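# Fold the following for me, if possible:
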Amino acid sequence: MKILQINKYFFKKGGAETVFFNTIQLLERHGHTVIPFSLKNKKNEPSPYESYFVDYPELSESSLPKKIKNLPAFIYNKEAARKLEKLIQKEKPDVAHIHLMFNSMSVSIFPVLKKYNIPIIMSVHDYRLVCPAYTFTDGKRNFCERCKTGNYYNCITHKCSKGSLINSFMLSMDSYFRSKFYSPIDYINRFIFVSKFSMNKHIQVENRFKDKCTYLYNFTPKVKDYSSTKGDYIFFFGRISEEKGILTLLNAIKQVPDIKLKLAGTGPLLEQLKSQCPPNAEFLGFKQGEELRELIHNASFVVVSSECYENNPMTIIESYMIGTPVIGSDLGGIPELIIENKTGYTFKPKSSDDLKETITKACSISEEEYAKMSDEAKKFAMDNFSEESHYQRLIKNYQLIIDQNKR
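Below is the predicted model:
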């Protein structure tokens, strides 16, 4: 099978890109031909298809005059349509799998795929399909009028605009144009949500998703078999930013000075929080690969303290594969991955007191209880996040829309 994999970035920028590259490697290992389509960027991984990549600047790195100049392409990118058409004419893919595409390639690629009768599947990594319609500010909070979250971090428009009026305007214009003229739900044959929570949230906002969707958890490549050893610290890894609940986590750990916390990652709050760090907490900077896996393995628990709608956090997946249980906020897609008292614990989001109590309870369990919890985490990972089960379900979805498209 020839599979077109479409994503804005062709380098590992975040969780969506990790899924994108993992999916490419998984399909290639099973003998499929994978054709990537992305933006040009100096950070890109090498690709034999890079001559087809689209030259479009990153919104957050563009000056105001450049943003204004590129507004038409931001909403409808004609170059993306031309490049994709040339790639399709040469490679003739059987199916297209879209990850992230908005605010770069734009909806311009939909008519091209339809023209060549290529069925489309989309992995939904965020809430952009339902959330960025209309927003307003009351001076403190930003609300999405459509999804009614009442939470700044759960509104993708404000998350992406980063407080910029021009960015917010461009994102709103793009959303309006898309909803009026090129609605994704009219072009995409099937949506794959990475959590039941995300799927239900989309159906709640737009009932038409109901007949075109499924959910499929992310996966991570198999790792070596780690022993079930209770470590002497709890561990956070990810973006050091407010929506990840870092302030809540640090406030909680201050109240339990006999428990150590290690944090790995970078982000806008890193330098500020390093100077305010309590004695029992330590920032390690960016970690990856085997060094990161060893840090996860040597921890007693991994903490996912997010205060935004996480879908299917790779943090939990990677921790469970190693056998490290998780303490996670009871929000978004996190609680559906944590079996209380079996693979970890949940706590009330934004509550440092509840997190403190949960950390204290978790760290007080016996070695025997911990070994059972570690084994349950590994079992959950094998049942839900393994390569083979993910591949079988993904191919089943590809074949479903290919067969439907022939009718």
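# Quick check: residue 14 vs residue 372, distance?
From residue 14 over to residue 372 the distance is 33 Å, taken as Cβ to Cβ, to the nearest Å. (C-beta placed from N, C-alpha, C; glycine too.)
# So what touches the one helix or strand residue 34 maps to?
Here residue 34 sits within strand 33-37, counting by DSSP states H and E. Contacting residues not belonging to strand 33-37 are listed as 1-7, 10, 24, 27-28, 47, 49, 52-53, 83-84, 87, 91, 93, 105 [Cβ atoms under 8 Å, 6 or more residues apart in numbering].
# 7 Å instead?
2-6, 10, 24, 27-28, 47, 49, 52, 84, 87, 91, 93 (Cβ atoms under 7 Å, 6 or more residues apart in numbering).
# Tell me how far whichever helix or strand comes after it lies from the chain's centre.
Using DSSP H and E, the helix or strand that follows strand 33-37 in sequence is helix 64-69. Remark: helix 64-69 is offset 28 Å from the chain centroid, using Cα atoms, centre = their mean, to the nearest Å.
# for helix 64-69, which positions count as buried?
Within helix 64-69, the residues that count as buried by 16 or more other Cβ atoms under 10 Å are residue 67.
# Against which helices or strands is it packed?
Here helix 64-69 touches helix 165-181, going by 3 or more Cβ pairs under 7 Å, 6 or more residues apart in numbering; DSSP states H and E.
# who touches whichever helix or strand comes after the helix it packs on?
Sequence-wise, the next helix or strand downstream of helix 165-181 (DSSP H and E) is helix 184-187. Helix 184-187 is contacted by residues 110, 114, 120, 129, 206, 208, 209, 212 when judged by Cβ under 7 Å, 6+ apart.
# Now with 10 Å, please.
98, 101-102, 107, 109-111, 113-114, 120, 122, 124, 128-130, 178-179, 191, 202, 206, 208-209, 212-213 (Cβ atoms under 10 Å, 6 or more residues apart in numbering).
# Tell me which helix or strand comes right after that helix.
Assigned by DSSP H and E, the successor of helix 184-187 is strand 190-193.
# Direction included, what does that following strand pair against?
Strands that pair with strand 190-193, judged by DSSP bridges, come out as strand 120-124 (parallel), strand 213-215 (parallel).
# wait, doesn't residue 365 sit right on residue 300?
Yes. With contacts counted by Cβ atoms under 10 Å, residue 365 reaches residue 300, the gap being 9.1 Å.
# Same drill for those two, tell me which one is more crowded.
residue 300 (23 against 18; other Cβ atoms under 10 Å).
# if I look at the residue nearest to the more buried one when sequence neighbours are not counted, how far off is residue 112?
Nearest residue to residue 300, sequence neighbours excluded (Cβ to Cβ, 6 or more residues apart in numbering): residue 231, at 4.5 Å. From residue 231 across to residue 112, the span is 51 Å (Cβ to Cβ).
# about what we covered before: could I get the contacting residues of the residue nearest to residue 300?
260, 262, 295, 296, 297, 298, 299, 300, 301, 324, 370 are the contacts of residue 231 under Cβ under 10 Å, 6+ apart.
# Dig out what the first one forms beta bridges with.
Think residue 260. Counting by DSSP bridges, the residues bridging with residue 260 are residue 233.
# for it, what are its contacts?
Shown in contact with residue 260 (Cβ under 10 Å, 6+ apart): 231-235, 253, 279-282, 299-300, 363.
# Give me the subset of the residues you listed that lies in strands.
233, 234, 235, 281, 282 (DSSP state E).
# coming back round to it: drop anything exposed from the contacts of residue 260.
231, 233, 234, 235, 253, 281, 299, 300, 363.
# Quick check: the closest residue in space to the fourth one that isn't next to it in sequence vs residue 259, distance?
Meaning residue 235. Leaving aside its chain neighbours, residue 235 sits nearest to residue 299 (3.6 Å; criterion: Cβ to Cβ, 6+ apart). To residue 259, residue 299 is 11 Å away according to Cβ to Cβ.
# overlap in contacts of those two?
Taking Cβ under 10 Å, 6+ apart as the contact definition, residue 299 and residue 259 share the neighbouring residues 232, 233, 234.
# who are the neighbours in contact with the nearest residue in space to the last one that is not next to it in sequence?
Sequence neighbours aside, residue 301 is the residue nearest to residue 234 in space, at 4.8 Å (criterion: Cβ to Cβ, 6+ apart). Applying Cβ under 10 Å, 6+ apart, one finds that residue 301 lies in contact with 230-231, 233-236, 259, 319, 324-328, 344-345, 358-359, 362-363, 365, 370, 373.
# Tell me where the stretch 201-350 of the chain has strands.
213-215, 233-237, 260-264, 281-285, 301-304, 326-329, 344-347 (DSSP state E, counting those that start in this stretch).
# how about those, which one is nearest residue 169?
Shortest distance between residue 169 and the strands of the stretch 201-350 of the chain, using Cβ to Cβ, is found for strand 213-215: 30.5 Å.
# as a whole number, average confidence for the closest one?
Averaged across strand 213-215, pLDDT comes to 93.
# can you check stretch 293-306 too?
96.
# and what of stretch 388-398?
Here the average pLDDT along stretch 388-398 is 93.
# How many residues are close by residue 123?
Neighbours of residue 123 using other Cβ under 10 Å come to 21.
# mind checking how far it is from residue 117?
The gap separating residue 123 from residue 117 is 21 Å, by Cβ to Cβ.
# contacting residues for residue 351?
245, 248, 251, 252, 329, 330, 357, 358.
# buried subset of those residues?
The neighbour-count test (16+ other Cβ under 10 Å) marks 245, 248, 251, 252, 329, 357, 358 as buried among those.
# Now residue 307: closest residue in space that isn't a chain neighbour?
residue 245 (4.6 Å).
# so how far is residue 390 from that neighbour?
Noted for residue 245: a distance of 28 Å to residue 390, by Cβ to Cβ.
# quick one: the residue nearest to residue 235 and residue 232 touch, right?
Yes. Taking Cβ under 10 Å as the definition, residue 299 is a contact partner of residue 232 at 8.6 Å.
# Next, the angle from the helix ranked longest in the chain to strand 120-124.
If you go by DSSP state H, the chain has its longest helix at helix 387-406. In terms of direction (axes from the mean of the first three to the mean of the last three Cα atoms, to 10 degrees), helix 387-406 departs from strand 120-124 by 140 degrees.
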